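> Pasting the sequence and the predicted model now:
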Amino acid sequence: MRSNHIDSRSCAPRHGRRSTRRGSFITDLSRVSAMPESERERLAEVSDRFAFRASEYYLGLVDWSDPEDPIRALIVPRLEELEDFGRLDASNEACNTVMPGVQHKYPDTALLLCIEACGGYCRYCFRKRLFMRDNHEVSRDLGAGIAYVRDHLEITDVLLTGGDPLLLSTRKLAEVLQALREIPHVRTVRIGTKMLAFDPFRLLDDTELQELLAEQSGPGGRIYLMVHFDHPRELTEPAIEAVDLAIRLGVICANQCPVVAGVNDDPDVLRELFETTSNVGCPQYYVFQGRPTLGNAPFRVPIVRGFELISEAHRGASGLARRARFVMSHESGKLEIVGVDEERIYMRYHRAKDAADENRFVSFARDDEAIWLDDLERLS
Ligand code: SF4
């Protein structure tokens, strides 16, 4: 155990306002009383195909009077999801899956998919396959994944993901973190989570989770919370409190999100997101190009447009809020989109599946409609 113990009472939320307690989730659209019944009936076919789930807290952020409300766009099903578009596993995670729940794409990094649920289901989710019936991609036996990490000395970085690892019980999460800390070659443990947006009370109200994070994150090795805020409106008072609490527990926080049409495809919204996340202590790390996932037609933003949006968002933002990298998580690696001119789109392999591509600079014929690497013609 690490000794960075913090008396959780000293980390108690400073603003005690609570509209909804944690753990209150709705999975049946017919229970969303703020929506007219006719609309709920119209969307039943969509939620039958791609599951719906939201916390009462998160639904409380929706402005139901605005049909284009970005929080609504993120969480509420829409008919356009039924359009024929995309693939379930758009970046072919299957080819990196070495056993149920374990992905090993880059030598130093392993992903442990811990759970097949999230605190809400983002409509644009690139792993929505996990939430479908008859999906068995995630193993309930995390011990096998941990043994895989233990046996592979080249793995120094483990990302707990899913689904959302903060939906595991605190006891289960403690077992996983403690087991990973006992593996000498694991230096970095990251937890990918949107719970601070969907239900910040998961952290604010659970003193055992707070103690666990304080124990596990210290000078000898930090826990990184890779948080996921898509829109500044998600950074509510409780969400900011939760980020602040995580920091005081010794955790390092960074934000990452995709560019999503109808949610944050606006330079002013992105600038405010970058500024706010930077100010509250979870600066933007990556902005992702949205994957062409099944059902994601209404959320697509072309690569060139995404680049323009982020460049414009950076203009006028403070230096610290400009650090976000615009990347595409492609089957061949993680490419940073570094430039666009009249004729070309320029990218650089930030991570590459094939070591020969590491840091390789590549260019493609400019195509303003393209949304994924496979749509582009490579020139160099
Ligand atoms: S939080 Fe991540 S994994 Fe969960 S639904 Fe949203 S995009 Fe998918």
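It's in. No experiment lies behind these values; they were computed from the predicted model shown.
> ok, the closest residue to the ligand within the stretch 151-300 of the chain - how many residues close by?
Minimum separation of the stretch 151-300 of the chain from the ligand (CB to the nearest ligand atom) falls at Lys194, amounting to 3.6 Å. Heads up, the C-betas are built off the backbone N, CA and C, glycines and all. Using other CB atoms under 10 Å, Lys194 has 22 other residues around it.
> Name the nearest residue to it, sequence neighbours excluded.
His228 (3.9 Å; CB to CB, 6 or more residues apart in numbering).
> Quick one: residues contacting the residue nearest the centre of the chain.
Nearest residue to the geometric centre of the chain (CA atoms, centre = their mean): His228, 4.7 Å. Residues near His228 by CB atoms under 8 Å, 6 or more residues apart in numbering: 192-194, 196-197, 255-257.
> Span of stretch 354-362 from start to end?
With CA to CA, to the nearest Å as the measure, the ends of stretch 354-362 fall 14 Å from one another.
> same question but for stretch 359-372, I mixed them up
19 Å.
> List the contacts of that stretch.
Contacts of stretch 359-372 (CB under 8 Å, 6+ apart): 90, 289-292, 300-305, 328, 330, 335, 340-349, 352, 373, 375-380.
> same check, this time on stretch 159-169
109-119, 127, 130, 138, 173, 176, 189-195, 198, 202-203, 209, 226.
> Try it again at 7 Å.
For stretch 159-169, the external contacting residues (CB atoms under 7 Å, 6 or more residues apart in numbering) are 109, 111-119, 130, 138, 173, 176, 190-195, 202.
> End to end on that stretch, go ahead and measure it.
18 Å.
> Show me which residues of that stretch are buried.
For stretch 159-169, burial by neighbour count (16 or more other CB atoms under 10 Å) applies to 159-168.
> now stretch 266-284
266-267, 269-278, 280-284.
> and the helix ranked longest in the chain, what other elements does it pack with?
For the chain, the helix that runs over the most residues, judged by DSSP state H, is helix 267-280. Secondary-structure packing of helix 267-280 (3 or more CB pairs under 7 Å, 6 or more residues apart in numbering; DSSP states H and E): helix 237-248, strand 284-288, helix 303-314.
> can those go into JSON lines with extra columns for mean pLDDT?
As requested, the helices and strands packed on helix 267-280 are exported to JSON lines (pLDDT from 0 to 100):
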{"stretch": "helix 237-248", "mean pLDDT": "98"}
{"stretch": "strand 284-288", "mean pLDDT": "97"}
{"stretch": "helix 303-314", "mean pLDDT": "97"}
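> how about a markdown table for those, with distance to Thr97 added?
Listed next are the helices and strands packed on helix 267-280 as a markdown table, based on distance: least, CB to CB, whole Å:
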| stretch | distance to Thr97 |
| --- | --- |
| helix 237-248 | 30 |
| strand 284-288 | 20 |
| helix 303-314 | 26 |
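> now Gly339, nearest residue through space, not along the chain?
Nearest to Gly339 is Tyr346, by CB to CB, 6+ apart, at 4.0 Å.
> The helix or strand containing the one you found versus strand 284-288: what angle between them?
Element membership for Tyr346 (DSSP states H and E) is strand 344-352. Between the axes of strand 344-352 and strand 284-288, defined by axes from the mean of the first three to the mean of the last three CA atoms, to 10 degrees, the angle is 120 degrees.
> The next helix or strand after strand 344-352: which residues count as buried?
For strand 344-352, the following helix or strand on the C-terminal side (DSSP H and E) is strand 361-365. Neighbour-count burial for strand 361-365 flags 362-364 (criterion: 16+ other CB under 10 Å).
> Report pLDDT for the closest residue to Ile26 other than its chain neighbours.
Among residues not flanking Ile26 along the chain, Ala54 sits closest, at 5.6 Å (CB to CB, 6+ apart). We note a pLDDT of 97 for Ala54 in this prediction.
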